[in-house]
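**Q** My questions concern the predicted model and sequence given below.
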Amino acid sequence: MPEEEAATPDSTAVRVALWRALHTQVDPVPHVLEDEVGLRLVAPDDDWRRRPDMDPVFTGGFRAAIVARARFIEDLVAEQADRGVGQYVLLGAGLDTFAERRPEIASRLRVFEVDRPGPQAWKRRRLIELGFGVPEWLRFVPVDFEADSWWEELTAAGFDPGRPPVVASTGVSMYLTKEANTAMLGQIASFAPGSTLAMTFLVPSAAGVPRPGRPSRIRDCRGRRPSVGYTFHQLLRPERHAGTGSRRRLSNRPARADVGYGRAVLRQSR
Ligand SMILES: C[S@@+](CC[C@H](N)C(=O)[O-])C[C@H]1O[C@@H](n2cnc3c(N)ncnc32)[C@H](O)[C@@H]1O
């Protein structure tokens, strides 16, 4: 597929970017995160806040979860950078804007944004149009997790497998098949000791979570379906994936039983 044909942003990435911007516009200070760069990238129509999925009251819980996970990851990356970690891998980076908002930290790292080719081409173009550019330390890794070897592409982009990274995967696993998730976690488990994985996932017991393969039934406060729907493919059970990988253990510490925010540190097997 020619890259140019599909050079459009991913709708789920747009939604969370707009939720992050909405946080700064409708929620009281102090804000968990200040991120309106994603809004600038998307450049929606002036009435974007009237989208059904931007209802400020109904989407309050989603918005809180989105900014909390982004802030959690950013604090983690800052902490790890201070400890000398030099690589940051964003799996399914979407419209993440850490590199643009926190260049004082990001420029000390090699930042690898991994996502589909089309949305990445679009994001690259928008970053250049807005004057952010794409600095040498920011590497785009265009892959489809279902079809390509993201590991090979990551290495080709300059990732050093001999050194530990921080790996973030937020809002991605539920869109992937079991095979892609299993392969991804297995590959991450082979990363260098000292690597850190932070990921979010939906577990089957989460209230309101649609069954895999079924369209979302989320509606706004007036009962309307969001204009842009989505379908989850896989919900993860942390207990099944802890231990993924043959050589090293993944110790998983979900912060909540249903939402599934997990942070895993790779350690050598005893
Ligand atoms: C909900 S967005 C999350 C973006 C970002 N991690 C965040 O939290 O703002 C999901 C992202 O996963 C990416 N994604 C979904 N399926 C993918 C696949 N098969 N290969 C590569 N990326 C994929 C989408 O393009 C999108 O950018």
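**A** Looks like it came in fine.
**Q** is it true that Trp122 lies in a strand?
**A** No: going by DSSP: H, G, I helix; E, B strand; the rest coil, the assignment for Trp122 is helix, not a strand.
**Q** Show the pLDDT at it.
**A** Listed pLDDT for Trp122 reads 97.
**Q** Next, the contact list for the spatially closest residue to it that is not a sequence neighbour, please.
**A** Nearest residue to Trp122 in three dimensions, chain neighbours excluded: Ala7, at 4.5 Å (CB to CB, 6 or more residues apart in numbering). C-beta coordinates here come from the backbone N, C-alpha and C atoms, glycine included. Going by CB atoms under 8 Å, 6 or more residues apart in numbering, Ala7 touches 118-119, 121-122, 125.
**Q** For those, which entry has the maximal number of neighbours?
**A** Pro119 (22 neighbours; other CB atoms under 10 Å).
**Q** Also near the ligand: which of the contacts of Ala7, exactly?
**A** By CB under 6 Å from any ligand atom, the members of these lying near the ligand are Pro119.
**Q** tell me which of the contacts of Ala7 is nearest to the ligand?
**A** Proximity of those to the ligand (CB to the nearest ligand atom) peaks at Pro119, which lies at 4.9 Å.
**Q** So which bits of the stretch 101-250 of the chain are right by the ligand?
**A** So far as CB under 6 Å from any ligand atom goes, the stretch 101-250 of the chain lies against the ligand at 115-116, 119, 143-146, 170-172, 175-176.
**Q** With distance to Asp96 added, can I get the residues you listed in a markdown table?
**A** Below are those laid out as a markdown table (distance: CB to CB, whole Å):
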| residue | distance to Asp96 |
| --- | --- |
| Asp115 | 9 |
| Arg116 | 14 |
| Pro119 | 12 |
| Val143 | 16 |
| Asp144 | 18 |
| Phe145 | 16 |
| Glu146 | 20 |
| Thr170 | 8 |
| Gly171 | 10 |
| Val172 | 11 |
| Tyr175 | 15 |
| Leu176 | 17 |
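**Q** what about Glu152, is that helix, strand or coil?
**A** helix.
**Q** And the strands in the chain?
**A** Along the chain, the stretches classed as strands by DSSP state E are 87-91, 110-115, 138-142, 165-169, 196-200, 248-252, 261-268.
**Q** returning to what we had before: now the contacts of Ala7 as TSV including distance to Gly186?
**A** Listed next are those as TSV, based on distance: CB to CB, whole Å:
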residue	distance to Gly186
Gly118	26
Pro119	25
Ala121	29
Trp122	30
Arg125	34
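**Q** before we move on, the earlier item: quick one: buried ones out of the residues of the stretch 101-250 of the chain next to the ligand?
**A** 115-116, 119, 143, 145, 170-172, 175-176 (16 or more other CB atoms under 10 Å).
**Q** This completes my enquiry, with thanks.
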